[in-house]
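Undergrad: Could you look at this predicted model? Sequence included:
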Amino acid sequence: MKNSILIFSIFCMLLLSGCTYRVIDLTVLSTKNVDLNKGTLVKGNRVKGSDLIPVLVIPFGSSDLQSAIDSAIETNPCAVGLSDVVIYKSNYVFSRGYRVAGNLIIDKGLNGCNFEKKSNEAKSEPVNKHSETQDDWY
């Protein structure tokens with residue numbers, strides 16, 4: 001009985017263990033070709049992206065930072081990059097990989113992207129305006 005409680009306790013501690021740490025903060029980040037001098041760029045909503053892989057004794061695959069960035073950017077088809085970016089590295093018992101959080105940079109000059117915001121959506125701001133936001137992931 002004592003051995004089963006000990007084994008269960010060790011299993012629970014392993015399940016809850018792990019860490020996530022902040023790797024870097026960036027002002028602007030993109031994996032696409034972007035002309036920053038165009039006047040059609042606006043700041044969008046805060047988004048998150050991740051590329052996590054399962055781990056059972058050995059990792060099944062490899063996590064890729066570019067995939068995490070692309071998953072955040074591709075939440076909006078008119079987005080070309082991220083601003084006020086924070087990149088995290090996560091290592092847990094059963095998963096590991098990258099997480100990215102940032103504000104979308106939307107190019108209203110792209111085909112089909114010259115849209116007016118609806119009243120229930122977040123208000124767009126010019127990219128050069130700074131806003132204080134907190135990450136609520138961790």
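TA: Received it, and whenever you're ready, just let me know what you need. Numbers count the residues shown, from 1 in each chain.
Undergrad: What separation is there between the spatially most central residue of the chain and Ser9?
TA: For the chain, the residue whose C-alpha lies nearest the mean C-alpha position (Cα atoms, centre = their mean) is Val100; its distance is 2.4 Å. The gap separating Val100 from Ser9 is 35 Å, by Cβ to Cβ, to the nearest Å. The C-beta positions use only the backbone N, C-alpha and C, and glycine is treated the same way.
Undergrad: Ok, Leu16 next?
TA: 11 Å.
Undergrad: hang on, isn't the residue nearest to the centre of the chain packed against Asp84?
TA: No - taking Cβ atoms under 8 Å as the definition, Val100 is not a contact partner of Asp84, at 11.4 Å.
Undergrad: for this structure, which spans come out with low pLDDT?
TA: Within the chain, the stretches with pLDDT under 70 are 115-138.
Undergrad: For the longest strand seen in it, output the C-alpha coordinates as PDB.
TA: Longest strand in the chain, counting residues (DSSP state E): strand 41-56. The C-alpha trace of strand 41-56 is given here as PDB (Å, rounded to 0.1, in the frame of the first residue of the first chain):
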ATOM      1  CA  LEU A  41      -0.300  48.700 -42.200                       C
ATOM      2  CA  VAL A  42      -2.500  48.800 -39.100                       C
ATOM      3  CA  LYS A  43      -2.200  47.100 -35.700                       C
ATOM      4  CA  GLY A  44      -4.700  44.300 -35.000                       C
ATOM      5  CA  ASN A  45      -5.700  42.100 -32.100                       C
ATOM      6  CA  ARG A  46      -3.300  40.200 -29.800                       C
ATOM      7  CA  VAL A  47      -2.900  36.600 -31.000                       C
ATOM      8  CA  LYS A  48      -1.100  33.500 -29.900                       C
ATOM      9  CA  GLY A  49       0.500  30.700 -31.800                       C
ATOM     10  CA  SER A  50       2.300  27.600 -30.800                       C
ATOM     11  CA  ASP A  51       4.200  24.600 -32.100                       C
ATOM     12  CA  LEU A  52       4.200  21.900 -29.500                       C
ATOM     13  CA  ILE A  53       5.200  18.200 -30.000                       C
ATOM     14  CA  PRO A  54       4.200  15.200 -27.800                       C
ATOM     15  CA  VAL A  55       6.900  13.500 -25.700                       C
ATOM     16  CA  LEU A  56       6.600  10.000 -24.300                       C
END
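Undergrad: Much appreciated, bye for now.
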